[in-house]
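A.B. asks: need the 3D shape of this:
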Amino acid sequence: MGGRRAAAVSWALAALSAVALATAGILAYADRTVFASDPFADRAAATLDAAPVRAAAARRLTDVVIGARPDLLGLRPIIELAARAVVGTPQFRSVVRRAALDAHRSAFDAHTRGLTLQIRDAGLLVADVVQRLAPQAADRMPTRVITRVARIHGGVHGFMLRVAEHADRARPAKWIALAVGLVLALAALLVTDSRRASVLRLGVACAAVGVAVALAAALAPALLADSVGPADRAAVRAALGVWLDPLTAWALAAAFAGVVVGLAAAAVVRPIPVMALLRRGWSAVATPPRSRLQHVLRTVAVIAVGVAMVLWPRAVLGALIVAVGALLVLAATAQLLALAAGSPDSAPRLRGPRLGRGVRVAVVAVVVTAGVALAALLSGGEGPAVARVGRCNGHAALCDRRVDQVAFLGTHNAMAAADERGWFFAEQDVGISQQLADGVRALMIDTHYGISTPRGVATELTPENSKRSKLVAEIGERGVATAERVTRRIGRNPKGQRQLFLCHTLCEVGATRALDALQAVHRFMVRHPEEVVVLSIQDETSAADTAKVVRDSGLADEVYLGDAQRPWPTLRELIDRDERVIVLAENRAGGAPWIHQQPAIMQETPFLFRSVAALEAPASCEPNRGGTAGSLLLINHWVDTPPLPLVSIARRVNAHDFLAGRVARCRRRRAMLPNVVAVDFYREGAAAQVVDELNRVR
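C.D. replies: Next comes the predicted model:
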């Protein structure tokens, strides 16, 4: 092959190699930041670090709240002030991250022709702040508003979404691009006799492609921002920069590497005498200045460096490390490429002689090293883990433990609370909201059908559950008699719409609307994004109705969607995915895939104890419902004294030594960590302390 033709072919191969390697790098970066749901959501939440994004989000949120309640227009300054306070909180960041996860699932669904990023529950957070700023207006604040942040459907953005969908299905292409790029680079090195010229061409091609990619990534936010209104342009530029700024940096790094390669091949193929250069530099600094002007300039420079070191020590140290690293990379690259390029005095030959062993080894070493480095970059998955979570259920030590390695404080009949209206025979001091605030993380509730009347709630019992003997066994003769008196007051055939209530056997002696209770749980989860809760439902309602009330409450936004079996995810993983409520049903689990059959998942102890002695007996730890196959263990720890649970007994059995002793016996007997310790009157005794000791956090 003629010299000019060989050079042209080498240039073409070098350019194609650089394009292929850049394609591999871009696909790898997209794989980490766009196609993977968690990193995508992380970056969406990270956009809130930019002031223009927070300002746009606060403005949009204010507009949505006032749009839902136009009568609040006079309170716009207060609402906007509250929205500005909210958008900087971890709670808002959590709901944005959840919205991004939902949008990501929608974007890569083949049946979806657009993408909508909408934020739910932010209105609840705004209402909390308004409650502090203007309590008189808090009751009028809408809490279930949906804020649409972005919508992609058609146009340039729609085309980019379609490209992203196809790229997601073509993830293996990065490996093909990497292989093609390396083969082309090797061909460019070997197609001509002048190895130095080939290396120069590769360096120039990589530098040119790197600069082109960096320019495109740097200019894209401004160009795309022109398609939105002036008020949102700064926010769009800042948001896109979160995704594209790292790509710009990587492309510039690649361009710098290409420049280093080109310089090394063109003129600096001789080994760089690093130590000699350092000695020369130190000599120049240490040599006394020859003139007054030089002395003044040096003094000013020393003062400037000293001030910088005092004011910005980390920045100065970082710059020094980068400078030394760049010098070492340049020196080492020059050493390798000097071997690969051959002697600068060697004349090129048309047919190309057989390369010497040393040169061949050097060429292969350069290509293999580059290949290994790029392969490591491409296979790096999502890169280093992002620290999204500080504490899990109140303790950093719990974050990296699986669900089956964590103990949760539970409340038996959590809805039956003394401070809740209408409960005759309470088993807890306070209601579900306060229980959660106090650290309860497992709620045991019972669902029933009932009809609400001005005189109470009438239970709609099935024929199987309406036998008086069974009711007496459940809540005692006195409890049934009380329910019968309420029933006579309500009437035998009350009129009204059937609803779901949380009741203990009979709603006449206590009932809480299921929707209200579950909405309280949902509000807690929104306000506390680092908490994981177990919801155990003794369901006397249909599976479909149970699922519907969970959805209607908003709690379905936080339910665990994975498999309820080993290996369980860690608390950190549940929090990262915003799947922080594990829903279990004792009877029917078919209403939704996220409602899991409790007996198949959770072993438990017996639950019917008529005396303290029975609770102390070895038999109290024997297998009960769930057998011995489940991956979680529930310890039922209370004494039944129907119809009225006794605080004095709860105080005794919840005392530290009594409860810790039984928990230890059951742990030995069942060879499992007790995952839920459920008690009556959890504020009595030391139940929370015992659970902390199980978790080894005290």
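
A.B. asks: which SSE is the residue nearest in space to the middle of the chain in?
C.D. replies: The residue lying closest to the centre of the chain (C-alpha atoms, centre = their mean) is Asp576, at 2.5 Å. In this structure, Asp576 sits in helix 571-577 according to DSSP states H and E.

A.B. asks: what's the first helix or strand after that helix?
C.D. replies: strand 581-585.

A.B. asks: and the next helix or strand past that next one?
C.D. replies: The helix or strand immediately downstream of strand 581-585 is strand 595-597, counting by DSSP H and E.

A.B. asks: which residue ranges form the strands in the stretch 401-550 of the chain?
C.D. replies: Along the stretch 401-550 of the chain, counting by DSSP state E, counting those that start in this stretch, strands occupy 408-411, 442-453, 456-459, 498-502, 512-513, 533-539.

A.B. asks: and the contacts of the shortest one?
C.D. replies: With contacts defined as C-beta atoms under 8 Å, 6 or more residues apart in numbering, strand 512-513 is touched by Met415, Glu420, Gly431, Ser452, Gln499, Leu500, Phe501, Leu502, Cys503. In this view, the C-beta of every residue, glycine as well, is placed from N, C-alpha and C.

A.B. asks: filter these down to the buried ones, PyMOL style.
C.D. replies: Selection of buried members from the contacts of strand 512-513 for PyMOL, criterion 16 or more other C-beta atoms under 10 Å:
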select buried, resi 415+420+431+452+499+500+501+502+503
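
A.B. asks: mind listing the helices for the stretch 51-200 of the chain?
C.D. replies: Under the criterion DSSP state H, counting those that start in this stretch, helices of the stretch 51-200 of the chain are mapped to 51-68, 76-86, 90-107, 122-133, 155-169, 173-190, 195-225.

A.B. asks: which parts of the stretch 551-698 of the chain are helices?
C.D. replies: Taking DSSP H, counting those that start in this stretch, the helices of the stretch 551-698 of the chain run over residues 571-577, 598-601, 612-616, 647-653, 656-670, 687-695.

A.B. asks: in JSON lines: those, plus mean pLDDT and distance to Ala36.
C.D. replies: Shown next, in JSON lines, are those (pLDDT from 0 to 100; distance: least, C-beta to C-beta, whole Å):
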{"stretch": "helix 571-577", "mean pLDDT": "93", "distance to Ala36": "12"}
{"stretch": "helix 598-601", "mean pLDDT": "94", "distance to Ala36": "29"}
{"stretch": "helix 612-616", "mean pLDDT": "95", "distance to Ala36": "50"}
{"stretch": "helix 647-653", "mean pLDDT": "97", "distance to Ala36": "48"}
{"stretch": "helix 656-670", "mean pLDDT": "97", "distance to Ala36": "39"}
{"stretch": "helix 687-695", "mean pLDDT": "97", "distance to Ala36": "31"}
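
A.B. asks: how about those in CSV, adding distance to Val64?
C.D. replies: CSV is the format used below for those (distance: least, C-beta to C-beta, whole Å):
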stretch, distance to Val64
helix 571-577, 26
helix 598-601, 39
helix 612-616, 53
helix 647-653, 46
helix 656-670, 48
helix 687-695, 39
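
A.B. asks: select, out of the ones you listed, the one closest to Val300.
C.D. replies: Nearest to Val300 among the helices of the stretch 551-698 of the chain is helix 571-577 (51.1 Å), distances taken as C-beta to C-beta.

A.B. asks: got the contact list for that closest one?
C.D. replies: Around helix 571-577, the neighbours that count as contacts under C-beta under 8 Å, 6+ apart are 38, 101, 388-389, 392-393, 398-401, 403, 406, 529-530, 532, 560-561, 569, 580.

A.B. asks: stretch 390-408 now?
C.D. replies: Stretch 390-408 has contacts (C-beta under 8 Å, 6+ apart) with 389, 439, 441-442, 530-534, 566-572, 574-575, 582, 631-632, 673-677, 691, 694-697.

A.B. asks: beta partners for Met444?
C.D. replies: In this entry, Met444 is beta-bridged to Ser536, by DSSP bridges.

A.B. asks: burial measure for it, as a count.
C.D. replies: Number of residues near Met444 (other C-beta atoms under 10 Å) recorded here: 23.

A.B. asks: so who does it touch?
C.D. replies: Contacts here follow C-beta under 8 Å, 6+ apart; on that basis Met444 touches Gly410, Thr411, His412, Asn413, Ala414, Ser536, Gln538, Ala678.

A.B. asks: relative to Ser611, which of those residues is nearest.
C.D. replies: Nearest to Ser611 among the contacts of Met444 is His412, at 16.8 Å by C-beta to C-beta.

A.B. asks: quick one: pLDDT of that closest one?
C.D. replies: His412 carries a pLDDT value of 97.

A.B. asks: ok, the one 5 residues further on next?
C.D. replies: Predicted confidence (pLDDT) at Ala417: the value is 96.

A.B. asks: burial measure for it, as a count.
C.D. replies: With neighbours defined by other C-beta under 10 Å, the count for Ala417 comes to 22.

A.B. asks: ok, it touching Phe425?
C.D. replies: No - with contact defined as C-beta atoms under 8 Å, Ala417 does not reach Phe425; the gap is 11.1 Å.

A.B. asks: what's the closest non-adjacent residue to Ala99?
C.D. replies: Ile119 (4.7 Å; C-beta to C-beta, 6 or more residues apart in numbering).

A.B. asks: relative to Ile575, how far out is the one you found?
C.D. replies: Distance of Ile119 to Ile575, given as C-beta to C-beta, to the nearest Å: 18 Å.

A.B. asks: re earlier: buried subset of the contacts of stretch 390-408?
C.D. replies: Buried by 16+ other C-beta under 10 Å: 389, 439, 441-442, 530-534, 568-572, 574-575, 582, 631-632, 673-677, 691, 694-695, out of the contacts of stretch 390-408.

A.B. asks: for this protein, longest helix please?
C.D. replies: What stands out as the longest helix in the chain, according to DSSP state H, is helix 230-266.
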